[in-house]
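S.K.: Structure for this input, please:
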Amino acid sequence: EVQLVESGGGLVQAGGSLRLSCAASGFTFEDYAIGWFRQAPGKEREAVSCISGSDGSTVYEDSAKGRFTISSDNAKRTVYLQMSSLKLEDTAVYYCHYSDYTSRDYWGQGTQVTSP
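M.R.: This is a model prediction of the structure:
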């Protein structure tokens, strides 16, 4: 069974930092990319960043460039999102995502990040 479990969210003042974690299980971690998405109240879910499990290559949306860093620990099957210089507009529920070889989407339960 595929599971994605996020943790690390919380309340942090604007300008502060937070590190999110996504623990993955139930699939071959190194074969797929894992991404972070977020959804603010009243808005659609949007991509933030993703990382390849095979070569560690990364992609960042403009909102994350220069402030967020995605990384992975294959031995722990965990993907991290280090967020710094947080802004009010970063307030959202952050989700971990993976899509398998059939293009089926898997999501974690989400973790709330609030930066007032």
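
S.K.: Look at the residue most central in space within the chain and give its secondary structure.
M.R.: The chain has Trp36 as the residue nearest its centroid, 2.7 Å off, counting by CA atoms, centre = their mean. Using DSSP: H, G, I helix; E, B strand; the rest coil as the criterion, the local structure at Trp36 reads strand.

S.K.: how near is it to Leu4?
M.R.: Noted for Trp36: a distance of 11 Å to Leu4, by CB to CB, to the nearest Å. C-beta: built from backbone N, CA, C; applies to glycine.

S.K.: which neighbours do these two share?
M.R.: The contact sets of Trp36 and Leu4 overlap at 22, 96-97 (CB atoms under 8 Å, 6 or more residues apart in numbering).

S.K.: State the pLDDT value of the residue lying closest to Gln3 once chain neighbours are set aside.
M.R.: Counting by CB to CB, 6 or more residues apart in numbering, Ser25 is the residue found nearest to Gln3 once chain neighbours are left out, at 4.8 Å. At Ser25, the model reports a pLDDT of 95.

S.K.: Surely Ser25 touches Arg77?
M.R.: Yes: look at Ser25 against Arg77 with CB atoms under 8 Å: they come within range, at 6.4 Å.

S.K.: Tell me if I'm right that the residue nearest to the centre of the chain and Arg19 touch.
M.R.: No: counting by CB under 8 Å, Trp36 stays clear of Arg19, with 11.7 Å between them.

S.K.: Give the residues shared as contacts by the two.
M.R.: Leu81.

S.K.: ok, back up a step: give me the distance between the residue nearest to Gln3 and Leu4.
M.R.: Relative to Leu4, and taking CB to CB, Ser25 is found at 8 Å.

S.K.: These two: who's more crowded?
M.R.: Just comparing Ser25 and Leu4: by other CB atoms under 10 Å the higher neighbour count belongs to Leu4, 21 against 11.

S.K.: doesn't that one fall inside a strand?
M.R.: Yes: assessed by three-state DSSP, Leu4 belongs to a strand.
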